[in-house]
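Asks: Whatever this is, show me its structure:
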Amino acid sequence: MSRIKASSMDADLQRVFGNLLPALCEAAAGPDASPALARVLELRSFLALTEEQVARVRDRVHADMDPDRDMGELSADKLRFDAQWLEAALDARDGYRAALGELLRTMPPPGQRARPVRTTQLRATATLPPSAAPAPQRAGAARARRP
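Replies: Got it, this is the predicted structure:
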C-alpha cells in the first residue's frame, strides 16, 4: 500500500466517519463502498496534493530568503513568480477545503446508505356536473347553427 499524504482535514474526516484514514481508504475500495465516502476521499486527495504544492513553494521561498544565502542570487522575478504560484495553490487549497467541508456537512450520516426515493403516482379524476349531457355520437363534427 502506498503512503497516504496527510491533509489539513484528515482529523475532520476521521471524526465524521469514526475511523482512521487507512481504514477509510480500504472501505472506499470495497464492494459496499458508500458513494459519499468515495467522493470525500477523492476531494481529500486533491486537497493533500494542493497542500503539498503550497508547502513546496513556501519552502523554496524560505530557502531563497535564507539570511546566509548570497544576496547576488536573489531574484525579484523569481520571487514574483513564486508569489503567483503560491497564490494559485492557496486559492485551490481554499476551494478544496470549502468543497470538502460542504460535502461533510450535507452528506448522510456514515451508517446510513442512500435509499431510493419513492414517489406516489397521483391520478387526476374529474366528475362532470349533473347537467352535462353526454357527447353526441358524432362528436367533433360540425353542428348546425341554431336560430
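Asks: could you list every residue that touches residue 97?
Replies: Shown in contact with residue 97 (Cβ atoms under 8 Å, 6 or more residues apart in numbering): 8-9, 47. No exception for glycine: its C-beta is placed from N, CA and C like everyone else's.
Asks: Determine how far stretch 33-47 lies from the middle of the whole chain.
Replies: Relative to the centre of its chain, stretch 33-47 is centred 8 Å away, using Cα atoms, centre = their mean, to the nearest Å.
Asks: pLDDT (mean, whole number) over that stretch?
Replies: Averaged over stretch 33-47, pLDDT sits at 90.
Asks: one step back: just curious, which of the contacts of residue 97 is nearest to residue 63?
Replies: residue 8 (22.7 Å; Cβ to Cβ).
Asks: re earlier: columns secondary structure and distance to residue 91 on top of the contacts of residue 97, output as CSV?
Replies: Shown next, in CSV, are those (DSSP: H, G, I helix; E, B strand; the rest coil; distance: Cβ to Cβ, whole Å):
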residue, secondary structure, distance to residue 91
8, coil, 15
9, coil, 17
47, helix, 13
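Asks: Quick check on the residues you listed: which are buried?
Replies: Among the contacts of residue 97, those scoring as buried are 9, 47 (criterion: 16 or more other Cβ atoms under 10 Å).
Asks: Could I get the contacts of residue 97 in CSV, plus columns for distance to residue 86?
Replies: Shown next, in CSV, are the contacts of residue 97 (distance: Cβ to Cβ, whole Å):
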residue, distance to residue 86
8, 16
9, 20
47, 16
